[in-house]
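Asker: Mind folding the following:
(chains A and B)
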Number of protein chains: 2
Amino acid sequence: MLTLNQPVLDQNDRLAERNRGYFKAKKLLVINVLSSPGAGKTTLLQKTITHLGKRLRAGVIVGDLETDNDAKRLRATGAPAVQITTGTVCHLDAEMVARAMGQLDLDHLDLLVIENVGNLVCPASYDLGEDLRVVLHSVTEGEDKPLKYPPIFSNAHVVILSKMDLAAATEFRRDEAVANIRRLAPQARIFELSSKTGSGMDEWCDFLVQKQQDAAR
Amino acid sequence: MLTLNQPVLDQNDRLAERNRGYFKAKKLLVINVLSSPGAGKTTLLQKTITHLGKRLRAGVIVGDLETDNDAKRLRATGAPAVQITTGTVCHLDAEMVARAMGQLDLDHLDLLVIENVGNLVCPASYDLGEDLRVVLHSVTEGEDKPLKYPPIFSNAHVVILSKMDLAAATEFRRDEAVANIRRLAPQARIFELSSKTGSGMDEWCDFLVQKQQDAAR
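Answerer: Below is the predicted model of the structure:
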């Protein structure tokens, strides 16, 4: 019975390509943000949107099993945010995103951020039509997560080491973590960020501005 | 097509009951340990097994997508540990556990610890035949995880607030977190632990010894 997952994924892949074409026509940079629960996705996105200011007009689609806590937190930045509640489903899919984006005025946005359900496994298989898959890896999670969750890291365009302000308190071995990321995701650009202190935010935001210019070309 | 998940779960539930009967006959206390990736399951289990010493003879079955890092770490305590690698599957199931337990000498154990794949969504639906479902919630994940991941919390027998040593550095609002746990899991016993400092370990280990005595009755 489980072999029937394949047609479900094929269908998702087709819808994802349709989303990708639509985003391209709207000259949007679209990022799919993935991590464990509690790695700091929402806080990082709040800080990123604020730090970008007028450089990029951002909108957000955010997925959770329950609550619209994250959409509320993100709206406080002034950005429009649509919450998807998935019930028991452990990932967003392309159809959910297609429905949610109808509630955003995409003509007046430059950056669409999709904050996925907190999960290091299921979202790996679901293309949403994004330009960049951004995986957050908090320093509190230790150094070996890329080795233990290969699919999500091996498809990442960007890996963000988050909560760097806690690196000392957690005795985080930074070089070992970076080597593990490099092993699974040699293609990925790595950023080291702290939402709390703001360290690394300039570089990260400059990167997004550059990528949006590429996407709008 | 997705409705076919139901028969898959029915099959799992039957195998889980068979495991439960087998464990009962062996007078084992069996705990299913669940959390996000990086919440500190393996470290807590290392410390628990060491702290229990001769009071309970423990064995471990541990699940990860890839690597046997965790089994190696757990064997360093002297306890036998079997690693299950699930590939792309985001949870253990009753059949995987049944196969793995054949590699342990259950007649010489009192406590069987099953460390599930790090995931706050998928493992919620899969009974393994355990006596207790133990959910770890690290203080670094913030206060609202029970509200955002209801299925896993609403079935918990025990919720452990882990990494309490980081509560100050992360500005963790303990009372708010406990209220959220109480709301989703009023049935759950709550422990506040630090694997690093050892705080709370006596109470947690006494609880396991008591539960093992109940299970062996």
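
Asker: ok, how many other residues are close to A:Gly129?
Answerer: 24 (other CB atoms under 10 Å in any protein chain shown). C-beta: built from backbone N, CA, C; applies to glycine.

Asker: Pretty sure it sits in a strand.
Answerer: No: counting by DSSP: H, G, I helix; E, B strand; the rest coil, A:Gly129 falls outside a strand, being coil.

Asker: What degree of burial does the residue lying closest to it once chain neighbours are set aside show, as a neighbour count?
Answerer: Leaving aside its chain neighbours, A:Gly129 sits nearest to A:Asn19 (2.8 Å; criterion: CB to CB, 6 or more residues apart in numbering or on different chains). Neighbours of A:Asn19 under the rule other CB under 10 Å: 21.

Asker: Check what pLDDT the most centrally placed residue in chain A gets.
Answerer: Central residue of chain A (CA atoms, centre = their mean): A:Val33, 0.8 Å from the mean position. We note a pLDDT of 98 for A:Val33 in this prediction.

Asker: what do you get for A:Leu4?
Answerer: 51.

Asker: for the one 10 residues further on, same thing?
Answerer: Turning to A:Arg14, the model gives it a pLDDT of 93.

Asker: Confirm that the residue nearest to A:Gly129 sits in a strand.
Answerer: No: counting by three-state DSSP, A:Asn19 falls outside a strand, being helix.

Asker: Same question for the residue nearest to the centre of chain A, what's its three-state structure.
Answerer: strand.

Asker: follow-up on the earlier one: and the residue nearest to A:Gly129, what does it touch?
Answerer: A:94, A:97-98, A:101, A:128-129 (CB atoms under 8 Å, 6 or more residues apart in numbering or on different chains).

Asker: A:His91 touches A:Cys122, doesn't it?
Answerer: Yes: contact status for A:His91 versus A:Cys122: in contact at 4.1 Å, counting by CB atoms under 8 Å.

Asker: Who are the contact partners of the closest residue to A:Ser35 other than its chain neighbours?
Answerer: Distance criterion CB to CB, 6+ apart; nearest residue to A:Ser35, sequence neighbours excluded, is A:Leu136 at 3.7 Å. Contact analysis of A:Leu136 by CB under 8 Å, 6+ apart lists A:33-36, A:39-41, A:44, A:159-160, A:162.

Asker: cool, and A:Lys163?
Answerer: Counting by CB under 8 Å, 6+ apart, the residues that A:Lys163 touches are A:39-40, A:138-140, A:194-196, B:140.

Asker: likewise A:Ala188?
Answerer: A:135, A:153, A:156-159, A:181.

Asker: Need the pLDDT of it.
Answerer: 98.

Asker: any idea how far chain B is from it?
Answerer: 18 Å (CB to the nearest CB, to the nearest Å).

Asker: What's the separation between that residue and A:Ile160?
Answerer: Using CB to CB, to the nearest Å, A:Ala188 is found at 10 Å from A:Ile160.

Asker: what does A:Arg133 give?
Answerer: 11 Å.

Asker: Is A:Glu66 in contact with B:Pro151, as I believe?
Answerer: No: in this structure, A:Glu66 is not within contact of B:Pro151 by CB under 8 Å, at 9.2 Å.

Asker: coming back round to it: tell me the one of the contacts of A:Ala188 nearest chain B?
Answerer: For those, the residue nearest chain B by CB to the nearest CB is A:Phe153; the value is 10.5 Å.
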